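[1] My questions concern the predicted model and sequence given below.
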Amino acid sequence: MSTQTDTDTAPDIAPGMVLLLAASCGLIVANLYYAQTLAGPIAAATGLSAQAAGLVVTLTQIGYALGLLFFVPLGDLLENRRLVVGALLFTAVALMGAALSTSGWAFLACAFAIGLGSVAAQLLVPFAAHLSHEATRGHTVGRVVSGLLLGIMLARPAASLIADASNWHVVFGGASVLIVLLALLLRARLPQRVPHNPPPYGELIGSLWRLFATIPVLRRRAFYQFGLFGSFSLFWTVTPMMLAGPAFKISQTGIALFALVGITGAVASPIAGRLADRGHTLPATAAALLLGMAGFAMALLPGGSGAWGLALLAAASIVLDMGVAASLVLGQRAIFSLAPELRSRLNGIYLATFFAGGAIGSALGGWVFARHGWHAALLTGLAFPALALLYWCTEWAGRLARRKAARTA
């Protein structure tokens, strides 16, 4: 197997490889979301209390966050293909352990491990950037991220539908088999990539804060996506509760089908990638943030509890998902344009930062919804991208000031 070292002289990434990486990211990241709609049945089957049922999701998220900070940076240190395959086999074992769990604490341990191993998806996104030429990097990353987003959006409804037809054990057992097959496929298809002159692991991890503090592009892109992903998580936390409540009285299967509507938002990913490749990242970022705000504004429109209200919510979910997808690609395109030897660390920092936004949005949304109702939760969600847009205005003002200074020099 050849070693990938120089994308300036190597052929550009093949369409089949882009498709493989996109599908792989979707399958891997879906592991994080299966349990979100199955927390109740899992808790009942494994003896977890109602108070502890939330840990089914929380421990997966904690494992993922720790993996982003301490495992993804290894992509700048170790041979990438071996790292990805090893992470996938670890994840497959954790998924099978979850499927076979009969005690609550055994399942929770497996949930943590599933989150930790699923960061393999975030080793594949910079892998795609490495394989791409500079002129096509944004488009390539956009297509791969489209697959990742499809995995996020499909996981919850798929898990609900499969569990309704069989049980939750089948969801995790089937996922384990899929991940093993994926590991074998990637072992055969991915080229090797060995980082050049990597630092020791301790120095690698120690550099994370320094990179965040000294790279303005990384901080900006992380904050923009923090705002959008926070609003995304808030929306998808409170909307199922609203749909299941007295206003709509929709079943779990109906909520799963509603979640499928948001899939169309992933179409924004390759569009954003093309705009970034053409140098339009700044206006495209504003458009993404405005889409995020527009999604909540649409949900706030008076629509009642009938078909019109449901249609408004569906349209709002599409618009919001488009903004989140576009901003994610624009951010990764920007940070992957920096030093290649830093890509895995930069991606880990970027994702860990906005993942924290998602956790805050989800927790805050649930609390506000319970204490102050639906409209208060939507206004809280609207505030996330609104604050990010205010921060974007400082970037826009700085660019105008530089242009003015250049004209007068």
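    Thanks, I have it.
[2] Would you point out the helix or strand in the protein whose mean pLDDT is lowest?
    Taking all helices and strands of the chain together, the one with the lowest average confidence (mean pLDDT, DSSP states H and E) is helix 252-261, at a mean of 78.
[3] Output it as PDB - backbone C-alpha positions only.
    Written as PDB, here are the backbone C-alpha positions of helix 252-261 (Å, rounded to 0.1, in the frame of the first residue of the first chain):
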ATOM      1  CA  GLN A 252     -42.400   8.400  18.900                       C
ATOM      2  CA  THR A 253     -42.500   6.900  15.300                       C
ATOM      3  CA  GLY A 254     -44.000  10.200  14.100                       C
ATOM      4  CA  ILE A 255     -41.300  12.200  15.800                       C
ATOM      5  CA  ALA A 256     -38.700   9.900  14.100                       C
ATOM      6  CA  LEU A 257     -40.300  10.600  10.700                       C
ATOM      7  CA  PHE A 258     -40.300  14.300  11.500                       C
ATOM      8  CA  ALA A 259     -36.600  14.200  12.200                       C
ATOM      9  CA  LEU A 260     -36.000  12.800   8.800                       C
ATOM     10  CA  VAL A 261     -37.100  16.100   7.300                       C
END
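[4] what's the longest helix anywhere in the chain packed up against?
    Longest helix in the chain, counting residues (DSSP state H): helix 374-408. Contact partners of helix 374-408 among helices and strands, from 3 or more CB pairs under 8 Å, 6 or more residues apart in numbering; DSSP states H and E: helix 216-244, helix 281-300, helix 343-372. C-beta here means a position set from N, CA and C on the backbone, and glycine is covered the same way.
[5] possible to save those as TSV with mean pLDDT, distance to Leu185 and mean neighbour count?
    Formatted as TSV, the helices and strands packed on helix 374-408 follow (pLDDT from 0 to 100; distance: least, CB to CB, whole Å; neighbours: other CB atoms under 10 Å):
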stretch	mean pLDDT	distance to Leu185	mean neighbour count
helix 216-244	89	29	23
helix 281-300	96	33	22
helix 343-372	85	22	21
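[6] just for this protein, where's the confidence low?
    Counting by pLDDT under 70, the chain contains low-confidence residues at 1-11, 50-54, 252, 304, 409.
[7] for the helices and strands packed on helix 374-408, which one sits closest to Gly63?
    Comparing the helices and strands packed on helix 374-408 by their distance to Gly63 (CB to CB), the top pick is helix 343-372, with 11.5 Å.
[8] what angle separates the closest one from helix 216-244?
    Angle, helix 343-372 to helix 216-244, by axes from the mean of the first three to the mean of the last three CA atoms, to 10 degrees: 40 degrees.
[9] Just the helices from the stretch 1-150 of the chain, written as ranges.
    Secondary structure of the stretch 1-150 of the chain by DSSP state H, counting those that start in this stretch: the helices cover 15-30, 39-46, 55-70, 80-100, 104-117, 121-131, 137-165.
[10] I'd like those as JSON lines, with distance to Leu328 appended.
    Output for the helices of the stretch 1-150 of the chain, formatted as JSON lines (distance: least, CB to CB, whole Å):
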{"stretch": "helix 15-30", "distance to Leu328": "12"}
{"stretch": "helix 39-46", "distance to Leu328": "26"}
{"stretch": "helix 55-70", "distance to Leu328": "14"}
{"stretch": "helix 80-100", "distance to Leu328": "20"}
{"stretch": "helix 104-117", "distance to Leu328": "19"}
{"stretch": "helix 121-131", "distance to Leu328": "10"}
{"stretch": "helix 137-165", "distance to Leu328": "6"}
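[11] Any chance of the helices and strands packed on helix 374-408 in a markdown table with distance to Ala65 as columns?
    What follows is these, written out as a markdown table (distance: least, CB to CB, whole Å):
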| stretch | distance to Ala65 |
| --- | --- |
| helix 216-244 | 13 |
| helix 281-300 | 22 |
| helix 343-372 | 6 |
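[12] Leu66: which of those helices is closest?
    Ranking the helices and strands packed on helix 374-408 by distance to Leu66, with CB to CB as the measure, places helix 343-372 first at 8.9 Å.
[13] ok, Leu95 - contacts?
    With contacts defined as CB atoms under 8 Å, 6 or more residues apart in numbering, the neighbours of Leu95 are 31, 110, 114, 172-173, 175-176, 179.
[14] Also Leu178?
    Leu178 makes contacts with Leu27, as judged by CB under 8 Å, 6+ apart.
[15] Can you give me the buried ones in the longest helix of the chain?
    For helix 374-408, the neighbour count (16 or more other CB atoms under 10 Å) marks 374, 377-378, 380-386, 388-389, 392, 395 as buried.
[16] Pretty sure Met242 sits against His375.
    No. Taking CB atoms under 8 Å as the definition, Met242 is not a contact partner of His375, at 10.5 Å.
[17] and this protein, what are its domains?
    The domain map for the chain lists 12-198, 210-409, with the assignment taken from automatic domain parsing.
[18] can you give me the offset of the longest one from its chain's centre?
    In this case it means domain 210-409. 11 Å (CA atoms, centre = their mean, to the nearest Å).
[19] How many neighbouring residues does Ser305 have?
    Each residue near Ser305 was counted by other CB atoms under 10 Å, and the total is 14.
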